[in-house]
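K.L.:
coords please:
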Amino acid sequence: MDGRDDYGIRIPSGPRGKGRGHGGNGGRGGHRGGGYGNGAGPEDRSHGGHGRDRRGNDRRGHGPDGRDRSHGGHDFGHGGRDFGHGGHGHGHGNGGFGKGRGGHGGGRPSRPHGERYGFAERAPAPATPPIPEAPPPAAYQANVFGSFDERLQYAIADMGYAIPTPIQEQAIPHLMAGRDLVGCAQTGTGKTAAFLLPALHKIAVSPRETPPGSPRVLVLSPTRELAAQTAENAAAFSKYTGAPFAVVFGGVSQFHQVKALRRGAQTVIATPGRLIDLMTQGIVSLDEVEIFVLDEADRMLDMGFLPDIKRIIGKLPPERQSLFFSATLTPEAMKLADSLVRDPVKISVAPERPAADKIDQRVMFVEKADKDKLLVHVLSSHPEWYRAIVFARTRHNADRIERKLHKAGISAATLHSDKSQAQRTRALDGFRKGTTRVLVATDIASRGIDVQDVAAVVNMEFPDEPESYIHRIGRTARAGGSGIAVTFMDAAERGRMKAAERAAKAKIAPDRDHPFHSERAEAAAGAAKQAEGMDQPPWFRRGPGPRRGEGRDRPGGGNGGRPGAPHGRNGKGPKGRGGRRPDFKGARQSDFGRGAPQE
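P.N.:
The predicted model follows:
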């Protein structure tokens, strides 16, 4: 008789024998629970397959009439899924032969701690491996790493960190002392470890129980990719402490995220939208938060998260440690920081500038219609660019570029907000492993891509915001390395190149050595630079008088109205917001659109 496992998935039974049968022993102690054993006779009791429950205990089921089931469950490994006994087996008994779903087969092997590319919402509190017998590196005693719990030092050593980065060296002593902090640092400078390690140290040395769904540390990230990468670091750093954590973001089911929260996650890494959803459902409470981290604050403001951030901050306890990190400290970001932190330490590491000296920045002048061809040409001409990121303005353009590259025989994947979380994770996974050479992304993901050894970044156009240019080219030359950033520019983009140069504080050299060079686009760029640095003629300069739409002293002109609008339309006039009918005094109505002479 067919049965179902713990998730309601139908599992067919084997054929019945004539005697007493013995169901397969083993069962898959993983995703589908234990196996089903089917007895031979209609009134026999059969032996159900063995499985493991969610705590890892062996359990077997039993039932009459051959409808035997075992209640296996999840058997998780270190940060991933550890499947137990899988495969199909055969039971046998007196006078008959029955098949049971079970047997000792080969399930999927366990994964190392945290190796699920940020999907820590699927993992329970990780199993703690034994602490190495050798002492931590002696060099740590001479820097800030030596101030952490010994278990954290072993995890830091396993990740290959020898010396702290400047942001870590400056920030960690203040954070260990419990001070609030405002930090200005780009991604790739080591700021994630700078705020995670002190928080995990506090959890390790002063453990305490909190109600389910009430974390002690809350990290708020703007994108799913950045949240997943922060969770990977949390999994790696908590390798020997076993501190439970959870990462919650949208685009996937909340089922596993809720399970991780209810298991008592001490650290939660979240995006604002999903966190507010879980708070509204009563699953998450912020009453126990001791450390709050707002990461990439300027990006959150750009994405319109300010109302959500204020709502989350309003639910935090007043007595807490608050950390504010931003790549650029704009006036809006500083206003938000002032409302969050109290008497903060301010740290700035290369503010508003990436490692521009280590990035070879170039611009290629090309007609808009030839940009896709130029991209294929550049990638084909530089096989040493074994890992490259291409930035496109829109999601539609990103998908089109991916198709063009596949057609040219270049492996590529896209990363943008229209992709499901599973698709985005697969794209990043393939890019990290090297099976995908080119990752085509939009600006929404520019700060969520933390991949080492990116050889080149290609911008299909200069972005509208100069800050976006900084974050795009910052995907290469990470962790002290070097890289190349190439931008394609057409004639319609005049002015953006100069803004990008000012933001990067570096000159962008032209590269004319390609078959699609456009003199027209280069001339437009030169005209924009010339206009930037020369005095404008008197007819171009605006005088001290009102500007367009500010109500010039002409018939029909009004505050906020269209210049020269007849009869006060959209301004102050008989058909606008009041006013008397103007006296044209013989002038034609059409003259008012270009400034008729005044009496």
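K.L.:
shaky segments in the stretch 201-350 of the chain?
P.N.:
Applying pLDDT under 70 to the stretch 201-350 of the chain flags the ranges 350.
K.L.:
That one: strands as residue ranges?
P.N.:
Counting by DSSP state E, counting those that start in this stretch, the segments of the stretch 201-350 of the chain that form strands are 217-220, 245-248, 267-270, 291-294, 321-326, 345-348.
K.L.:
Out of the ones you listed, the one nearest residue 138 is which?
P.N.:
With CB to CB, the closest approach to residue 138 among those belongs to strand 345-348: 27.4 Å. Where you see a C-beta, it was placed from the backbone N, CA and C, and this is true even at glycine.
K.L.:
For the closest one, which outside residues touch it?
P.N.:
Residues outside strand 345-348 that contact it (CB atoms under 8 Å, 6 or more residues apart in numbering): 167, 170, 171, 174, 179, 180, 181, 182, 183, 184, 185, 329.
K.L.:
Give the pairing partners of that strand; include direction for each.
P.N.:
The partner list of strand 345-348 in its sheet, established with DSSP bridges, is strand 181-184 (parallel).
K.L.:
Where does pLDDT dip in the stretch 51-200 of the chain?
P.N.:
Across the stretch 51-200 of the chain (using pLDDT under 70), the flagged ranges come out as 51-127, 187-188.
K.L.:
returning to what we had before: can you redo the strands of the stretch 201-350 of the chain as CSV with distance to residue 429 and mean neighbour count?
P.N.:
As requested, the strands of the stretch 201-350 of the chain are arranged in CSV below (distance: least, CB to CB, whole Å; neighbours: other CB atoms under 10 Å):
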stretch, distance to residue 429, mean neighbour count
strand 217-220, 22, 25
strand 245-248, 16, 29
strand 267-270, 19, 28
strand 291-294, 26, 24
strand 321-326, 26, 24
strand 345-348, 33, 16
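K.L.:
Please identify which of those is closest to residue 384.
P.N.:
Shortest separation from residue 384 across the strands of the stretch 201-350 of the chain is recorded for strand 321-326, at 33.9 Å, computed as CB to CB.
K.L.:
Tell me the strands beside that closest one, with direction?
P.N.:
Every partner of strand 321-326, by DSSP bridges, with its direction: strand 181-184 (parallel), strand 291-294 (parallel).
K.L.:
related to what we said a few turns ago, for the contacts of strand 345-348, give me TSV that also has distance to residue 270 and neighbour count.
P.N.:
Listed next are those as TSV, based on distance: CB to CB, whole Å; neighbours: other CB atoms under 10 Å:
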residue	distance to residue 270	neighbour count
167	22	24
170	26	19
171	22	29
174	24	17
179	24	17
180	20	20
181	20	23
182	21	23
183	20	29
184	23	22
185	21	23
329	23	19
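K.L.:
Which single one of those is nearest to residue 387?
P.N.:
residue 185 (23.8 Å).
K.L.:
Might one say that the closest one is in contact with residue 167?
P.N.:
Yes: the pair formed by residue 185 and residue 167 meets the contact definition of CB atoms under 8 Å, at 4.7 Å.
K.L.:
Overlap of the contact sets of the two?
P.N.:
Listed contacts common to residue 185 and residue 167 are 191, 347, 349; contacts here mean CB under 8 Å, 6+ apart.
K.L.:
what about the second one, distance to residue 179?
P.N.:
Taken as CB to CB, to the nearest Å, the spacing of residue 347 relative to residue 179 amounts to 11 Å.
K.L.:
for the first one, same thing?
P.N.:
When distances are taken as CB to CB, residue 191 and residue 179 turn out to be 16 Å apart.
K.L.:
Restrict stretch 399-408 to CA atoms and write it as CSV.
P.N.:
Coordinates of the C-alpha atoms in stretch 399-408 are reproduced here as CSV (Å, rounded to 0.1, in the frame of the first residue of the first chain):
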residue,chain,number,x,y,z
ASP,A,399,19.0,39.2,-20.3
ARG,A,400,19.7,40.3,-23.9
ILE,A,401,23.5,40.5,-23.2
GLU,A,402,23.4,37.0,-21.7
ARG,A,403,21.8,35.6,-24.8
LYS,A,404,24.4,37.4,-27.0
LEU,A,405,27.3,35.9,-25.0
HIS,A,406,25.8,32.4,-25.1
LYS,A,407,25.4,32.7,-28.8
ALA,A,408,29.1,33.7,-29.1
